[in-house]
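J.: got a predicted model here, sequence first, then my questions.
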Amino acid sequence: MSVLRTPQERFFALEGFDFEPHYLEINDVRVHYVDVGSGEIVLCLHGEPTWSYLYRKMIPSLSAHHRVIAMDFIGFGRSDKFAKQTDYSYRMHRNTLIEFIKKLELNRITLVVQDWGGLIGLRVATMMPDCFERLVIMNTGLPTGKEKLPLALQLWRLFVRLVPSLPIGLIVRSFGTVQPLSKEVIKAYEAPFPSRHYKQGAKAWPLLIPTNPTSEAALEIKEARRDLSVWHKPTLVMFSDRDPFTRGADKFFRRIIPTAKNQPKITIKEAGHFLQEDKGEEIAQQILEFVIRTPR
């Protein structure tokens, strides 16, 4: 299994992201994470094709009251990257997150997920429920391969198959946000990927979305759905209003998770798929209020 490491100079002087890097070795692969503040733990998980940089607007407000950890999945951000697309799998990401939580001895976690962070993070939460205190679910889904994927997702998967090297910055700017992004921000999203060889994880994730109910990911997600249907800890569902990829999935989560019905119905206005980029400060405030009204 060939492993690539993005040169550190790619991450120098990124706009709005001066957090000290932290690393863990998990199965001989280096995993990066941001770790700021103290108190109750807020664990933030990114999706495709972003990294912990996506949470930079939320970290200052959240870390003023809590310990905020934002991990980079293998293949993204400052974490190591496999050179072969076939080395990426649902269970690899799932097991990496489990080991990450164990090695850092995290508990009573408020889990914040979006995009693939939800597909992986929600499964792990149901496997390790004693480690989690709350769920914050944003712009994600739990497909089991039985449902027809939204047209936007079908086109996205086709695009990934056809394009040899994903234009990461263009993807974030064109398909994921409502607010315009500066050249410096686009450069930051592209920083982890010096060449197409580093992008195999980004190419793998869209194609790992379950389209077959017997696939590895589908079976795992089916278990997550089952366990979430009896989830008894506080859950906040908070989707944006302009996301073509996950539109309508907020109703699904509010329907299947009993505790989601007890929280306000919050829609983040004028925000795209990467709602943390468009409205990070507003989302952070909603999470702070959620924690306050759901004490341990």
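T.: Yes, it's here. From a predicted model like this one, the values you see are computed outputs, not experimental measurements.

J.: ok, the residue lying closest to Ala204 once chain neighbours are set aside to Ile171 distance?
T.: Nearest non-adjacent residue to Ala204, counting by C-beta to C-beta, 6 or more residues apart in numbering: Tyr88, 3.7 Å away. Quick note: C-beta positions are derived from backbone N, CA and C, even for glycine. Distance of Tyr88 to Ile171, computed by C-beta to C-beta, to the nearest Å: 18 Å.

J.: so what's the predicted local confidence for the residue nearest to Ala204?
T.: pLDDT, Tyr88: 98.

J.: who's in contact with it?
T.: Ile74, Gly75, Phe82, Gln200, Gly201, Ala204, Trp205, Leu208 (C-beta atoms under 8 Å, 6 or more residues apart in numbering).

J.: top of those residues by neighbour count?
T.: Gly75 (29 neighbours; other C-beta atoms under 10 Å).

J.: assign that residue to helix, strand or coil.
T.: Per DSSP: H, G, I helix; E, B strand; the rest coil, the local secondary structure of Gly75 is coil.

J.: surely it is in contact with Lys81?
T.: Yes - under the criterion of C-beta atoms under 8 Å, Gly75 makes contact with Lys81 at 4.9 Å.

J.: between those two, which contacts overlap?
T.: Both Gly75 and Lys81 are contacted by Gln200, Gly201, under the criterion C-beta under 8 Å, 6+ apart.

J.: check contacts around Leu207.
T.: Arg157, Val160, Arg161.

J.: filter these down to the buried ones.
T.: Arg157, Val160 (16 or more other C-beta atoms under 10 Å).

J.: all helices of the stretch 1-150 of the chain, in order?
T.: Applying DSSP state H, counting those that start in this stretch to the stretch 1-150 of the chain gives helices spanning 59-63, 90-103, 116-127.

J.: dump those into a markdown table; add distance to Glu184 and mean neighbour count as well.
T.: A markdown table is the format used below for those (distance: least, C-beta to C-beta, whole Å; neighbours: other C-beta atoms under 10 Å):
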| stretch | distance to Glu184 | mean neighbour count |
| --- | --- | --- |
| helix 59-63 | 18 | 20 |
| helix 90-103 | 29 | 19 |
| helix 116-127 | 24 | 25 |
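
J.: in JSON lines: the ones you listed, plus distance to Lys187.
T.: Supplementary listing: the helices of the stretch 1-150 of the chain in JSON lines, determined by distance: least, C-beta to C-beta, whole Å:
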{"stretch": "helix 59-63", "distance to Lys187": "19"}
{"stretch": "helix 90-103", "distance to Lys187": "26"}
{"stretch": "helix 116-127", "distance to Lys187": "23"}
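
J.: looking at these, which is closest to Lys261?
T.: helix 116-127 (17.0 Å; C-beta to C-beta).

J.: who touches the closest one?
T.: Contacts for helix 116-127 (C-beta under 8 Å, 6+ apart): 43-48, 73, 90, 93-94, 97-98, 101, 111, 113, 131-132, 135, 137-138, 140-143, 205, 209, 217, 220-221, 223-224, 227-228, 231.

J.: now stretch 279-290
T.: 42, 55-58, 60-62, 65, 110, 112, 134, 136, 138, 234, 236, 238, 240, 263, 266, 268-271, 275-276.

J.: and if you look at stretch 158-174?
T.: Under C-beta under 8 Å, 6+ apart, the answer for stretch 158-174 is 49-50, 180-181, 186-187, 189-190, 193, 195-196, 199, 202-203, 206-207, 274, 277.
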